[in-house]
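**Student:** build me a structure from this.
(chains A and B)
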2 protein chains.
Amino acid sequence: MTKRVKILLDESEMPRQWYNLAADLPKPPPPPLGPDGNPLSPEQLSAVFPMNLIEQEMTTQRWVDIPQEVLEMLVRWRPSPLHRAVHLEKALGTPARIYYKNESVSPAGSHKPNTAVAQAYYNKEFGVKKMTTETGAGQWGSALAFACSLVGLEAKVYMVRISFDQKPFRKMMMQTWGATCVASPSMETQAGRAVLEKDPDTPGSLGIAISEAVEEAVADKSGKTKYSLGSVLNHVLLHQTIIGLETKKQLEKANEKKVDVVIGCVGGGSNFAGLSFPFILDKINGADIDIIPVEPASCPTLTRAPYHYDFGDNAGLTPLLAMHTLGHGFIPPPIHAGGLRYHGVAPLISHAVNLGLARPQALHQLECYEAAMLFARTEGIIPAPETSHAIAQTIREAKKAKEEGKEKVIVFNLSGHGLMDLVGYDNYIHGRLHDYALSEEELKKYTEDLKQFPTPHIG
Amino acid sequence: MTKRVKILLDESEMPRQWYNLAADLPKPPPPPLGPDGNPLSPEQLSAVFPMNLIEQEMTTQRWVDIPQEVLEMLVRWRPSPLHRAVHLEKALGTPARIYYKNESVSPAGSHKPNTAVAQAYYNKEFGVKKMTTETGAGQWGSALAFACSLVGLEAKVYMVRISFDQKPFRKMMMQTWGATCVASPSMETQAGRAVLEKDPDTPGSLGIAISEAVEEAVADKSGKTKYSLGSVLNHVLLHQTIIGLETKKQLEKANEKKVDVVIGCVGGGSNFAGLSFPFILDKINGADIDIIPVEPASCPTLTRAPYHYDFGDNAGLTPLLAMHTLGHGFIPPPIHAGGLRYHGVAPLISHAVNLGLARPQALHQLECYEAAMLFARTEGIIPAPETSHAIAQTIREAKKAKEEGKEKVIVFNLSGHGLMDLVGYDNYIHGRLHDYALSEEELKKYTEDLKQFPTPHIG
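**Tutor:** Numbers count the residues shown, from 1 in each chain, chains lettered A, B, ... in the order given. From the prediction side, this is the model:
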């Protein structure tokens, strides 16, 4: 081969531990608060999560062993390939070397199974029989359905209604893996019924779907039903760090001594965290790396929303989390990157941004689709609409490198493929999409409510 | 790891040559015939294919070098993984060791890009500007769109109308890669208009779509437009042998000394040939291997159709091919495995079956979907409906091994994933599918026409 376009790791080189950024942050992030306004105790979470995952959520241990059983599930599709995007580089005429970590190779088509199999394993270990969750675009719901199928757990997924209606294929995926999938808000929960009463035609939101899934878990007093979240929380981000840990080994194999830019798209934050946290460690230790979380301009949590305590869900069933948030009542505008439409963003990422360890950017969807089309036609992989945000930023950085005449190394996370999201591409190709940015008035309206909660201190 | 569930090859271990079964068959297959009834000359194909591919079509050279440029495209997703199906084995309680070659990891989701990139390369080399083709379920059309995008050729795909209407996502994939996709029969060709005149509501067929694509290529007298076929022909099968060649290396790595059963689903025959031809060579050399092509009972070419000369397309624009055929006027019943609904089957495979080198089986779709569901819930990958035929036969063989108490090694080709075909799963889960076998009357009706053509001699 003249140019090495794909860097693989052998099974034996797969990381055996996850990396916990909480161990290395110069200041600890503000703790989650219980309903009493005091820092949350592990017991207060036990109605929702199994204790083994709660311990993981709260640990500040730097390295956490990946259980053998989880490794054996991960190895079905991991280590994932790292590609050198030589064809995109050529199309851009950039001196930058662009690499992307290909998380689309999992059976569910995204990075989500990395944590889904871990969570399913820990729940099974704890004696849980059924897991409930929410899903937006459907990536997370199908990943959990997949994982529950592998370990033998029942799965129930509340899917945001607008996605449920627009993306029937995702529902079919979940059913094929044996999960039950209902549109949210549903009549099955108090939280769902309350929303439907006020607004029977609501498109739903991740916040509402989370409320429903949490309610169903808490309602099972036998403790055999637990809730599962696909992003935001520390343990979820922890499970995703295998992405960045593999990437570092692969860059070493590619003889790259220095990484200049690390990019990931951000909704709740798990794929961004998965790739970037091991690089943030390097940055804490003095490396000069530009670490860029990219969000849609229509849901600008990191770039425009206040840093505040807020609920993770719509109905206020979760603890209060310190994060950049548009307010838990936020109803996102209908852009196609459904996985990026969450009102908040992971506390660990919010904190890292506040400490100057990451530099968030917000992009419009037309630029992202244009970038995705160029990527599909040069690199050959059709990316998920969420992922297109990372690609668009990569292209910006590659063009900047060209202007500066610098041989930068840029790495981004190809968090998923877009084969289930082709309607978005069709709309883009036929000129049916528009850009949309959150207005100052809307931002003010949604965040008004936050005043009732305490303001966190940035360390 | 306790059990090795995935066997990878390094880029450096990727085969550098394709294997040509035509070199080793004990008797040569009957040659294709021109309109004059005489064996076809290379020149007679030159209006349709570039000469470099015609040479490859006719060669009896055993090993054919893979051009460096093609290797560089293949390596984007190859070598593909070989998985040990330990979870399926466990569910079946079989002593058999089941392996599957995972061709679903390509950007188009199937084995089809293996030949698409090779064909696009040779056409580009020959100075061609535009490639035309047909597609049934859409796997081939999207693979060629992908390949043309990589090498920089225009692509035009005639898609069987019933699939065009039922599978809009496939069309969107092709558009995203820059190809033009029209429903067939169309008003753009004489062949299409003739069919529509007789039957405006026809669901279309692969045979009709081939006629249209060939007509468009031939009509461009500049020679800059050529036709491309995704299966059936010798050079297409040749390009797919990289599947079996990799598989043999991987089985060696897994310390398997002997393979007992090799299975692939068959429409035109390319994925089956790709996996099995290198094993058929072993069988010719004395190895005891059961090689099983599996077709749908609704389109039983190898198990029930006569061996005869017939056109490859509906309008009679192609040479006469010696193959098992249901007659070029065959309109297939609407089962979901669209990729298996071709009236004929590759001449090389037909010949191998006649020589006793492969043992075809026909299966009903309900058994295939049941098998696919078990596979999805144990191994985690949702297979294409076509692939489900190979899985169902694998399960039959694994159960037989259990009854016999034999530790057999079974290998099948996971030719593609089913993420674009979830409607079939939904129909199966909700009891909307039925079994359907071709009746004796229908078989007689469709094959009546064949009498006008010569009968080939089996060597």
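
**Student:** and the helix or strand hosting residue A:303, what's its mean pLDDT?
**Tutor:** Secondary structure assignment for residue A:303, by DSSP states H and E: helix A:301-304. Helix A:301-304 carries an average pLDDT of 97.

**Student:** using CSV, list the CA coordinates for the next helix or strand after it.
**Tutor:** Note on helix A:301-304: by DSSP H and E, the next helix or strand toward the C-terminus is strand A:307-311. This file holds the C-alpha atoms of strand A:307-311, laid out as CSV (Å, rounded to 0.1, in the frame of the first residue of the first chain):
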residue,chain,number,x,y,z
TYR,A,307,-24.0,27.3,33.6
HIS,A,308,-26.5,26.4,36.3
TYR,A,309,-28.1,23.7,38.4
ASP,A,310,-31.0,22.2,36.5
PHE,A,311,-33.0,19.0,36.2
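
**Student:** for strand A:307-311, what is the distance to the chain centroid?
**Tutor:** Put simply, strand A:307-311 sits 18 Å off its chain's centre (C-alpha atoms, centre = their mean, to the nearest Å).

**Student:** tell me the average confidence for it?
**Tutor:** For strand A:307-311, the mean pLDDT works out to 97.

**Student:** and the next helix or strand past it?
**Tutor:** Once strand A:307-311 ends, the next helix or strand along the chain (criterion: DSSP H and E) is strand A:320-324.

**Student:** can you pull the buried residues of that next one?
**Tutor:** Buried residues in strand A:320-324, counted by 16 or more other C-beta atoms under 10 Å in any protein chain shown: A:320-324. To be clear about C-beta, it is placed using only N, CA and C from the backbone, and glycine gets the same treatment.

**Student:** and stretch A:217-234, by the same measure?
**Tutor:** Buried residues in stretch A:217-234 (16+ other C-beta under 10 Å): A:217, A:225-234.

**Student:** return only those of those found close to chain B.
**Tutor:** Checking those against chain B by C-beta under 8 Å from any C-beta of the partner chain, not one of them is in range.

**Student:** want to throw the residues you listed into TSV with pLDDT, secondary structure and distance to residue A:400?
**Tutor:** Shown next, in TSV, are the buried residues of stretch A:217-234 (pLDDT from 0 to 100; DSSP: H, G, I helix; E, B strand; the rest coil; distance: C-beta to C-beta, whole Å):
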residue	pLDDT	secondary structure	distance to residue A:400
A:217	97	helix	46
A:225	98	strand	50
A:226	98	strand	46
A:227	97	strand	42
A:228	97	coil	39
A:229	96	coil	35
A:230	96	coil	33
A:231	95	coil	29
A:232	95	coil	31
A:233	97	coil	34
A:234	98	helix	33
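
**Student:** taking those residues together, which two end up most distant?
**Tutor:** Maximum pairwise distance among those (C-beta to C-beta): 22.3 Å, between A:225 and A:234.

**Student:** ok, whichever residue of the stretch 101-250 of chain A sits closest to chain B - contacts?
**Tutor:** Nearest residue of the stretch 101-250 of chain A to chain B: residue A:172, at 3.8 Å (C-beta to the nearest C-beta). Taking C-beta atoms under 8 Å, 6 or more residues apart in numbering or on different chains, we find residue A:172 in contact with B:422-423, B:425-426.

**Student:** restricted to strands, list those.
**Tutor:** Counting by DSSP state E, no part of the contacts of residue A:172 is found in strands.

**Student:** export these as JSON lines, with columns for neighbour count.
**Tutor:** Formatted as JSON lines, these follow (neighbours: other C-beta atoms under 10 Å in any protein chain shown):
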{"residue": "B:422", "neighbour count": "22"}
{"residue": "B:423", "neighbour count": "18"}
{"residue": "B:425", "neighbour count": "25"}
{"residue": "B:426", "neighbour count": "18"}
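
**Student:** from those residues, which one has the minimum pLDDT?
**Tutor:** Scoring these by pLDDT puts residue B:423 last, at 90.

**Student:** would you say residue A:183 is within a strand?
**Tutor:** Yes - checked against DSSP: H, G, I helix; E, B strand; the rest coil, residue A:183 lies within a strand.

**Student:** wouldn't it be in contact with residue A:202 here?
**Tutor:** No - with contact defined as C-beta atoms under 8 Å, residue A:183 and residue A:202 do not form a contacting pair (10.6 Å).
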